[in-house]
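**Q** Got a predicted structure plus its sequence, pasted below:
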Amino acid sequence: MPRIGCVPRFRDVIVTVAVPRPKLHSDEAILDATMEVLLRRGLAGFTLNDVAAELGMSRAALIQRFKNKDTLYRRVMERSGAQRRDYLASMPVEVGAQGLWRFLTEIISGMGTGEGLDSYLLLAWQDLRDTTLRRMALERNLMVRDAIAARLPKMAERNEVAAVLQDVIAGATMQWMVEREPSLTRYVLERVRRVLGLLFPHESFELPKR
């Protein structure tokens, strides 16, 4: 016959086991840390141990939540797509040459000085080798292209012009990798402004102050 004094202790154990442990690190914090490690070590070089050490958590806990490093990287890229979608959706849609210029200035300014661009490009290169990651990259590109098209004045070649402007941004970014002067933002904006000058010869496009 069990002693009465044992019952509360047994019940306490059950309650303790049934209550899930609180997560010490949010998924967002883990994805942030993963991105930091990826930019430092590249996709081929990063490990779950690196991410766990960055956060001060165990590798086992990381595996329990994200399974493996491939899954973790895909979650990082999925979040990147969602963030880009939210960012673009938050911006006003001003149709016309000046509205388009303000939009392009805003998104190009987000590229910053170019510091760390090499690391981002290496990640983009890795994405080309995986069907799912390449599809995600295409979706992110199309988001930007559609956002540019939405701000162009009504014209028959709207989508084609948007694609050309996006190509100019991408091409200028790659060219900046060789020249490195002035800052990435300034470099790309100057080239996009030249194209807009050809598209809208009666408009003036002022570069932002340094």
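**A** Nice, I can see it.

**Q** Contact partners for the residue most central in space within the chain?
**A** The centroid of the chain falls nearest to Ser80 when counting by C-alpha atoms, centre = their mean (3.5 Å). Neighbouring residues of Ser80 by C-beta atoms under 8 Å, 6 or more residues apart in numbering: Met136, Arg140. In this view, the C-beta of every residue, glycine as well, is placed from N, C-alpha and C.

**Q** quick one: average pLDDT of the helix or strand hosting it?
**A** Assessed by DSSP states H and E, Ser80 sits inside helix 69-89. For helix 69-89, mean pLDDT rounds to 96.

**Q** oh, and call the first residue 398 from now on, that's how I've got it
**A** Got it, first residue is 398 now, which makes that one helix 466-486.

**Q** Report the buried residues of that helix.
**A** Lys466, Leu469, Tyr470, Arg472, Val473, Met474, Arg476, Ser477, Arg481, Leu485 (16 or more other C-beta atoms under 10 Å).

**Q** What helix or strand is Met571 located in?
**A** helix 555-576.

**Q** list the buried ones in that helix?
**A** Neighbour-count burial for helix 555-576 flags Val558, Ala559, Ala560, Leu562, Gln563, Val565, Ile566, Ala569, Thr570, Trp573 (criterion: 16+ other C-beta under 10 Å).

**Q** So what's the residue count around the residue nearest to the fourth one when sequence neighbours are not counted?
**A** For Leu562, ignoring the flanking residues on the chain, the nearest one in space by C-beta to C-beta, 6 or more residues apart in numbering is Ile545 at 5.5 Å. Look at Ile545: counted by other C-beta atoms under 10 Å, it has 23 neighbours.
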